[in-house]
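*Asks:* kindly generate the corresponding structure for this input.
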Amino acid sequence: MSAKLLGLCLLSASLLGAAAPARANQDQVQFLHNINVGPGESVHDAVCIFCGVHVEGEVDGDLVVIFGNVRLHGQAHHDVVAIFGSVTAAGDSSIGGDLVSVFGSVHLGDNVSVGKDMVTIFGVQHVPRSASVGKDRVSISPWIFFGPLLIVLFALILIVHEVQAHRRRQFFPNYPLPPRQ
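*Replies:* A predicted model of the protein is given here:
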């Protein structure tokens, strides 16, 4: 029994030793610190949380920003995703994959190309006619989210106001109203 256990342990150790380690030589991952890719510079993937990404060079992989903004003056060869932030692409920039913005706006300059889909959820798209989108362009208006939210908020304020007025009338039943002037 112990020989089988020893053999299993040796087999497991040899398989673990042969596994290739993950490589992230040119990835940039930041938290609370902006990522800047200068002209002539290149990164593979860029992920930024509570910060922004400014690209004047190239991003070979995906570019993801959460609670921050993307400013693209170069090229992003794959997807660009911004959640709770805006995406601004200067003139003659290119995005090879999808462009997705959730709770943020998209501003594209002249002659900007998006290789696949451009999706803006609860945000606004500012796209000139010279910009090209390879496949679908989808925009879900922020009013679809904020409209019902404002209606519910207004109803809640009205209910609270009426409950307070009712309590005031119960608390001061014997006090006359002030005379009209």
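
*Asks:* so where's the longest helix in this protein?
*Replies:* In terms of residue count, the longest helix belonging to the chain (DSSP state H) is helix 143-171.

*Asks:* chain center to that one: distance?
*Replies:* For helix 143-171, the separation from the chain centroid amounts to 32 Å (computed by C-alpha atoms, centre = their mean, to the nearest Å).

*Asks:* so which bits of it are buried?
*Replies:* Judged by neighbour count (16 or more other C-beta atoms under 10 Å), helix 143-171 contains no buried residues. No exception for glycine: its C-beta is placed from N, CA and C like everyone else's.

*Asks:* mind giving me the packing neighbours of it?
*Replies:* The contact analysis (3 or more C-beta pairs under 8 Å, 6 or more residues apart in numbering; DSSP states H and E) places helix 143-171 against no helix or strand.

*Asks:* average pLDDT across it?
*Replies:* For helix 143-171, mean pLDDT is 89.

*Asks:* how close does the residue positioned nearest the centre of the chain sit to Leu153?
*Replies:* Centroid check for the chain by C-alpha atoms, centre = their mean gives Ile83 as the closest residue, at 1.0 Å. To Leu153, Ile83 is 23 Å away according to C-beta to C-beta, to the nearest Å.

*Asks:* distance check, the residue nearest to the centre of the chain against Phe50.
*Replies:* 11 Å.

*Asks:* next, show the common contact partners of these two.
*Replies:* Residues touching both Ile83 and Phe50 (C-beta atoms under 8 Å, 6 or more residues apart in numbering) are Ile66, Phe67.

*Asks:* circling back to that earlier point, now do the contacts for the residue nearest to the centre of the chain.
*Replies:* By C-beta under 8 Å, 6+ apart, the contact list for Ile83 reads Val65, Ile66, Phe67, Ser101, Val102, Phe103, Gly104.

*Asks:* next step: those residues restricted to strands.
*Replies:* Within these, residues falling in strands by DSSP state E are Val65, Ile66, Ser101, Val102.

*Asks:* the helix or strand containing His107 pairs with which strands, and in what direction?
*Replies:* His107 belongs to strand 106-108 when assigned by DSSP states H and E. Its sheet considered, strand 106-108 pairs with strand 87-89 (parallel), strand 125-126 (parallel) by DSSP bridges.
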